[in-house]
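J.: Fold the following.
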Amino acid sequence: MRIGARREDDFEINVISLIDVLLTLLMFFVLSTTFIEHSRLKVNLPKADAEARDATDNALTVVIDRDGHYSVGSDEVMGEGIEPLKAAIARGAGDNRDRLVVIRADAMTPHQNVVRAMDALGQEGFTRLSIATTPTEMAGGK
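T.: Sure thing, here's the model as predicted:
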């Protein structure tokens with residue numbers, strides 16, 4: 001009997017190649033994912049006849065649903081009152097106070113909720129505000 005000899009049924013799995021494959025798949029999925037900002041709040045925008053004039057590509061978005069829940073960008077604001085909203089706006093905007101802010105409020109939200117958002121934005125130093133709307137259907141088929 002040989003002591004310390006390897007048995008025939010001992011086997012070894014080389015995991016280095018498996019790790020390489022997993023990292024390659026991970027990089028593929030990360031790079032092929034589209035990063036679209038989805039808001040968790042459902043909002044039906046009010047209607048207006050005017051067309052949008054400012055480009056909103058780099059705009060900070062404040063969303064208000066019909067129940068008065070706020071979200072800044074894709075982050076929902078937790079807490080009641082103006083202070084949690086101001087903190088969320090400061091986090092979302094960083095140091096850039098010249099940035100356009102688009103308020104997307106549901107058509108059925110109380111006016112007080114929109115005024116609270118505008119007040120919080122004003123206290124944080126924002127001066128370029130826009131309220132998002134959807135275009136109305138033109139009468140007469142235009």
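J.: going forward, measure contacts between C-alpha atoms and count neighbours the same way
T.: Noted.
J.: in a helix, that's where residue 112 is, yeah?
T.: Yes: the assignment for residue 112 (DSSP: H, G, I helix; E, B strand; the rest coil) places it in a helix.
J.: What is the burial count for it?
T.: Close neighbours of residue 112, defined as other C-alpha atoms under 10 Å, add up to 10.
J.: same check, this time on residue 86
T.: Neighbours around residue 86, by other C-alpha under 10 Å: 21.
J.: doesn't residue 106 make contact with residue 131?
T.: No: between residue 131 and residue 106 there is no contact under C-alpha atoms under 8 Å: 10.6 Å.
J.: The two: who's more crowded?
T.: When neighbours are counted by other C-alpha under 10 Å, residue 106 comes out ahead of the other of residue 131 and residue 106, with 22 against 15.
J.: Go ahead and confirm the more buried one touches residue 64.
T.: Yes: in this structure, residue 106 is within contact of residue 64 by C-alpha under 8 Å, at 6.2 Å.
J.: Output the lowest mean pLDDT helix or strand found in the chain.
T.: Least confident helix or strand of the chain, by mean pLDDT, DSSP states H and E, is strand 47-48 with a mean of 67.
J.: the longest helix in the chain is where?
T.: For the chain, the helix that runs over the most residues, judged by DSSP state H, is helix 16-32.
J.: could you pull out the strands for the chain?
T.: Assigned by DSSP state E, the chain shows strands spanning 47-48, 60-64, 70-72, 75-76, 101-105, 129-131, 134-135.
J.: Sheet partners, orientation included, of the third one?
T.: For strand 70-72, the paired strands and their directions (DSSP bridges) read strand 60-64 (antiparallel), strand 75-76 (antiparallel).
J.: Disregarding flanking residues, what is the spatial nearest neighbour of residue 132?
T.: Nearest non-adjacent residue to residue 132, counting by C-alpha to C-alpha, 6 or more residues apart in numbering: residue 104, 5.1 Å away.
J.: again with residue 109
T.: Closest to residue 109 by C-alpha to C-alpha, 6+ apart is residue 66, at 4.1 Å.
J.: That neighbour contacts residue 104, doesn't it?
T.: No: between residue 66 and residue 104 there is no contact under C-alpha under 8 Å: 10.9 Å.
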